[in-house]
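**Q** here is my input; please provide its structure:
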Amino acid sequence: MQRAVLNEKLERLRAVVEGLSPALLAVSGGLDSRLLAHLCWEWEQDVEAVFFRGVHMSPAESSWAQAWLHDRGQACHVLSFNPVSHPKVHANCRLRCYHCKSACFSRARYLARERSIPYLLDGSNVSDAEEYRPGRQALAELDVQSPLAMAGMTKDDIRAAARLVRLERPNQPSRPCLLTRLEYGIPPSEEVLARIGLAEDALCRMGLRQFRLRIMRAGAALHIARDEESTWCAIREWALARLADEGFEDIGVVFTESLSGFFDRDLHV
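**A** Numbering: from 1, shown residues only. Alright, predicted model coming up:
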């Protein structure tokens, strides 16, 4: 990416966030919302963070995100959130993400009102519009603003900007909400989500980066990015044993060119 183009988008982003302050920013721990938080604070904007802690994240990802936020020394609110306690989320229909976003961002909106904060922000970007994301409707209904998207920033822009400002883990792999690992129609449980999270954390420690442990009616499957095949071959026996420890035995392994949106590929949006 040309540096001038990136700088122009960052200037546009700065103008956007300056017009949306004071604000409460939902930080998931992923690269998008972390970059937005980092820049808001670097630009001395009046922005507080809110983080949702719960079974939708793996233990390692949750702990790392909370430590990162703590180290920033900025105002941060940690809210416990159990998505499977919400019946419409537990039903795990194709609108699961809508119901989940609606539940958690309603809590964030309530917190913002309690603190007399007019704006609620998230880390959605332009690239998110290319995928099936029913949660976007919930964000619109709750008047959640997405500065990265408003500034025209794509996922590639965000990674380039993260490297430019020397943000920690600029190549951080995407690890979406663990609820996305279950085929639609399979009700999630805290126990299953916990096992998925522990298993994925273990595989990350072994060196895998781009993968998903998915639960389908036909059984569990480990989907791995094609370019990580050599890594998998090196850790295969160790990894399969660790998966078995979490109850995932006789698991199928599939190498794929595209990891994202596996259960949504029959949709035309």
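
**Q** list the buried ones in stretch 121-133?
**A** The neighbour-count check on stretch 121-133 (16 or more other Cβ atoms under 10 Å) flags 121-128, 132-133 as buried. For every residue, glycine as well, the C-beta is placed using N, CA and C.

**Q** also stretch 49-61?
**A** Across stretch 49-61, burial judged by 16+ other Cβ under 10 Å covers 49-52, 54-58, 60-61.

**Q** can you check stretch 133-142 too?
**A** Those would be 133-136, 138-139, 142, for stretch 133-142 by 16+ other Cβ under 10 Å.

**Q** if we can go back for a sec, closest one to A161 out of the buried residues of stretch 49-61, please.
**A** A49 (18.4 Å; Cβ to Cβ).

**Q** check which helix or strand the closest one maps to.
**A** In this structure, A49 sits in strand 47-53 according to DSSP states H and E.

**Q** elements contacting that strand?
**A** Helices and strands touching strand 47-53, as assessed by 3 or more Cβ pairs under 8 Å, 6 or more residues apart in numbering; DSSP states H and E, comprise strand 23-26, helix 31-42, helix 59-72, strand 76-80, helix 96-114.

**Q** switch to 6 Å and redo it
**A** If you count contacts as 3 or more Cβ pairs under 6 Å, 6 or more residues apart in numbering; DSSP states H and E, strand 47-53 packs onto strand 23-26, strand 76-80.

**Q** please identify the most buried of the ones you listed.
**A** strand 23-26 (a mean of 24; mean count of other Cβ atoms under 10 Å).

**Q** any low-confidence regions in the protein?
**A** Within the chain, the segments meeting pLDDT under 70 span 1, 266-269.

**Q** how about the helices in it?
**A** 3-18, 31-42, 59-72, 87-90, 96-114, 135-141, 147-150, 155-164, 190-205, 229-245 (DSSP state H).

**Q** which among those helices is found nearest to S258?
**A** S258 lies closest, by Cβ to Cβ, to one member of these: helix 155-164, at 13.9 Å.
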